[in-house]
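Chemist: no FASTA, just this:
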């Protein structure tokens, strides 16, 4: 709770910073806010404010995923110092909006009640609609903002409808109370089924799982890259963890009724996204499809119907995925800013021109592909090993897809190391902040890849 | 002690990534020779226990039952010798190459590969084995894709995805085994003690087979191999064919067969059939090849198919033969590809049709090529003979018809190998070959070392049997269902 208060408070301060001509200090203030929130979350100093009348419980589950969100945002903020340096008028607003979105994420993660989940999702989403369309002079950004908003509004409507159905079926909005009703079998079955399906639809929209993923490539592509990385990491982490918590707290006992649906969605997400990603020409769109396919892998944790092992699995997976995504976007942002392009050819010959960037990107791609000694491997390992009992065919589909995904992740590596630079390639300049983020993320990927237990033992 | 064998190449590799200049190859050679020296030292103090020597076991990830556990038994020792003897030879063979860009990375990647290979052969923990297995893939991919020939990116990506696909199935099999272990551990003995039901057992058996069959490769999983061998730089091909494919054979012996002995009765026979089809198929294709590298690539499929067929028959003779044949094949194929490389460098072509008469202008090359070629044909008193003989004996006692068909490979091998020799070395010199220079001192040294090993192992195969026989028959005993 203290984390939310700090973030909201500093968010408001940043809004004013724009007025009082404090542009230089905006990024440091944002970073300070996150660091403070991080300290309070890790130390669990706020024992007093942890539990709010069954609405809000900042337990270890919430803490763990909050830390992932905070660390991701911290790195994105650091990148922002360079990315937004020419933005004179709205720099403070953008940082503030990300902080508010983060408040929404933490609210979702610690919600114990359907209404709080809904509130959290809204607080998370509304700033993002604005951020997606924040580059007002760019058509693609406008398109992204509009698309995201329209689709998101529909999804929210469906979510609320689904929650109403659940309430209608059980007479409860408290997660634990719903669970009690479910195991006592005292609920209206038809309403419950419709409600669950609606919740699945809404959440699959938020985590961009197929067939509710159509918005994401356009939105990822159009959104300014800094906010794309925010969407791909923080939003995904918060939305997926909440999805996981909601379903495995309330509906584990009637898992038979909905795991098949999730299994189909997972298989679809993996296959569609991986096959489509092969044909992409833009790096950002490729990353969008990669994010869809990772949503598909993550859904394996839901199917396992095992809260205890599932939470470790998704924590590790999301941490690994976030680090790799931020590492990749760090390199990409830098290249895109200086060349203005986002196709794969801009990576040609990067290995010879900028070793550090190329190595970072290579590590990120290897991790996303799940090669051992990177974090992504243990992420996949955990997911496969918890799902192998229930849904062997699905795990085999996941494996086939991992092999396919090599093709497009390695395209970047191939371009960087095995192809010659274009003749008119501009010489790239690396700013120290970018290099720092690149080093930090690649170190994190390797360390988690060698000792995955440190992430999990931090919390459980 | 065993861990030093991992650390040495790794440290040298990391060091090489950092330096610039022409000293890289000397340092690489030095590093690999030190590793070889240490390996020979281990051999000299090796006590040959029933269990593993140089055994080390550290907890790595406690929750998941993953340990950093390595050990050396007879089979492993042979594999380590193969790796650590061939690596310096491969490095030495690259000394006459034209200076390439990023020379230091090239040697660093070779040593990284050596690190991974040593790890694969020493691992006694499922996940550790899997990790090393994958680690070897990254450097070889970079070696082939950066320094390879025409079409290299497409070919190497196919190779990578193909093998990665197989190894993911192995991972799945390992996880499945792990979940059925009594004490939830990936340790070799724990996995070995896992109790599986019928379908589960077949699943594990099949998933291991997929990984190892792609790596070896066994028909019909071989389609990546000829292109990759032809496109890769010679040192890459040597690493792939000389050492890396032995990972697959080693995997079958150490991991696949003993883990699920009951499964053999259900599907093992099919694997023998596949392997035998591969032998004949690859031999017939090899006879029709004009590209010398491609021909050697297909000959490798045929030889490995023979080893595979022998292993899947579960005959004691075949298993002993397979062990020495792994070593012999490694030496021979490295020699053959080196000869192909020497010829290609001088003539700028791989085409057998335009060659001829090289023996007249380059007698030293002709003699050394002859020795290595005869080793590959498995003529008595060369290193190929004891292995092939035992393998065939095993396959015969398993089933005479299988033995008869597999036996044709000896004849077919003689046909295509002698054809290469005849077309390239004999006949009249032509405009292309009349100025063919004989081997340089360096090339002579490398080929001589290989030729001596061909003859020594041919005269005295017991050198290897003394090391490996006991532990191979131990593993085999575990692999036969009671």
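Modeler: Yes, it's here. These numbers come from a predicted model, not from an experiment.
Chemist: where are the low-confidence patches of the chain?
Modeler: Just so you know, I chose chain A. Scanning chain A with the threshold set as pLDDT under 70 gives A:44-51, A:423-426.
Chemist: that answer is for a different chain, and I need it for chain B
Modeler: In chain B (pLDDT under 70), the answer is B:49-50, B:98-101, B:482.
Chemist: residues from it in reach of chain A?
Modeler: B:61-64, B:127, B:130-131, B:134-135, B:138, B:142, B:145-146, B:152-153, B:157, B:160-161, B:164-165, B:168-169, B:171-172, B:175-176, B:178-179, B:203 (Cβ under 8 Å from any Cβ of the partner chain). (Each C-beta comes from the backbone N, C-alpha and C, glycine too.)
Chemist: burial measure for the residue nearest to residue A:451 when sequence neighbours are not counted, as a count.
Modeler: Residue nearest to residue A:451 in three dimensions, not counting chain neighbours: residue B:61, with 7.2 Å by Cβ to Cβ, 6 or more residues apart in numbering or on different chains. Look at residue B:61: counted by other Cβ atoms under 10 Å in any protein chain shown, it has 19 neighbours.
Chemist: ok, residue B:61 touching residue A:455?
Modeler: No. With contact defined as Cβ atoms under 8 Å, residue B:61 does not count as touching residue A:455 (11.2 Å).
Chemist: can you list the buried residues in the strand or helix carrying residue B:140?
Modeler: Following DSSP states H and E, one finds residue B:140 within helix B:126-147. Of the residues in helix B:126-147, B:126-147 count as buried by neighbour count, 16 or more other Cβ atoms under 10 Å in any protein chain shown.
Chemist: got it, and stretch A:33-44?
Modeler: A:33-34, A:36-38, A:40-41.
Chemist: closest to chain B out of the residues you listed?
Modeler: Of all these, residue A:41 has the smallest distance to chain B: 22.9 Å, by Cβ to the nearest Cβ.
Chemist: helix/strand/coil for the closest one?
Modeler: Of the three states, residue A:41 takes helix under DSSP: H, G, I helix; E, B strand; the rest coil.
Chemist: residue contacts, it?
Modeler: A:3, A:63, A:66-67, A:70 (Cβ atoms under 8 Å, 6 or more residues apart in numbering or on different chains).
Chemist: from the chain's centroid, how far away is the longest helix anywhere in chain B?
Modeler: For chain B, the helix reaching the highest residue count under DSSP state H is reported as helix B:316-347. Centroid displacement of helix B:316-347 relative to its chain, using Cα atoms, centre = their mean, to the nearest Å, is 9 Å.
Chemist: skip the chain neighbours and tell me the closest residue to residue B:478.
Modeler: residue B:258 (4.2 Å).
Chemist: apologies, that question was intended for residue B:449.
Modeler: Nearest residue to residue B:449, sequence neighbours excluded (Cβ to Cβ, 6+ apart): residue B:89, at 6.2 Å.
Chemist: in the sheet, who's paired with residue B:67?
Modeler: residue B:59 (DSSP bridges).
Chemist: my guess is it meets residue B:129, correct?
Modeler: No. Using Cβ under 8 Å, residue B:67 is not in contact with residue B:129; the gap is 11.4 Å.
Chemist: can you give me the strands for chain A?
Modeler: Under the criterion DSSP state E, chain A carries strands at the ranges A:51-52, A:56-57.
Chemist: ditto for the stretch 1-150 of chain B
Modeler: Ranges of strands within the stretch 1-150 of chain B are B:53-61, B:66-72, based on DSSP state E, counting those that start in this stretch.
Chemist: isn't residue A:34 up against residue A:73?
Modeler: Yes. Counting by Cβ under 8 Å, residue A:34 touches residue A:73, with 5.8 Å between them.
Chemist: identify the contacts common to these two.
Modeler: Joint contacts of residue A:34 and residue A:73 (Cβ under 8 Å, 6+ apart) are residue A:102.
Chemist: where does the residue lying farthest from the centre of chain B land in three-state SS?
Modeler: Residue farthest from the centre of chain B, counting by Cα atoms, centre = their mean, is residue B:431 at 37.4 Å. Secondary structure for residue B:431, judged by three-state DSSP, is coil.
Chemist: give me the phi and psi for it.
Modeler: Per-residue torsions, residue B:431: phi -60, psi -30 (degrees, to the nearest 10).
Chemist: not counting sequence-adjacent ones, nearest residue to residue A:65?
Modeler: Per Cβ to Cβ, 6+ apart, closest to residue A:65 is residue A:241, 4.3 Å.
Chemist: follow-up on the earlier one: the next helix or strand after the helix holding residue B:140 - contacts with which helices or strands?
Modeler: Next along the chain after helix B:126-147, taking DSSP H and E as the criterion, comes helix B:152-179. Where contact means 3 or more Cβ pairs under 8 Å, 6 or more residues apart in numbering or on different chains; DSSP states H and E, helix B:152-179 is packed against helix A:375-387, helix A:392-418, helix B:126-147, helix B:188-192, helix B:198-215, helix B:225-231.
Chemist: quick one: those as JSON lines, columns for distance to residue A:234 too.
Modeler: JSON lines is the format used below for the helices and strands packed on helix B:152-179 (distance: least, Cβ to Cβ, whole Å):
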{"stretch": "helix A:375-387", "distance to residue A:234": "17"}
{"stretch": "helix A:392-418", "distance to residue A:234": "22"}
{"stretch": "helix B:126-147", "distance to residue A:234": "30"}
{"stretch": "helix B:188-192", "distance to residue A:234": "40"}
{"stretch": "helix B:198-215", "distance to residue A:234": "37"}
{"stretch": "helix B:225-231", "distance to residue A:234": "42"}
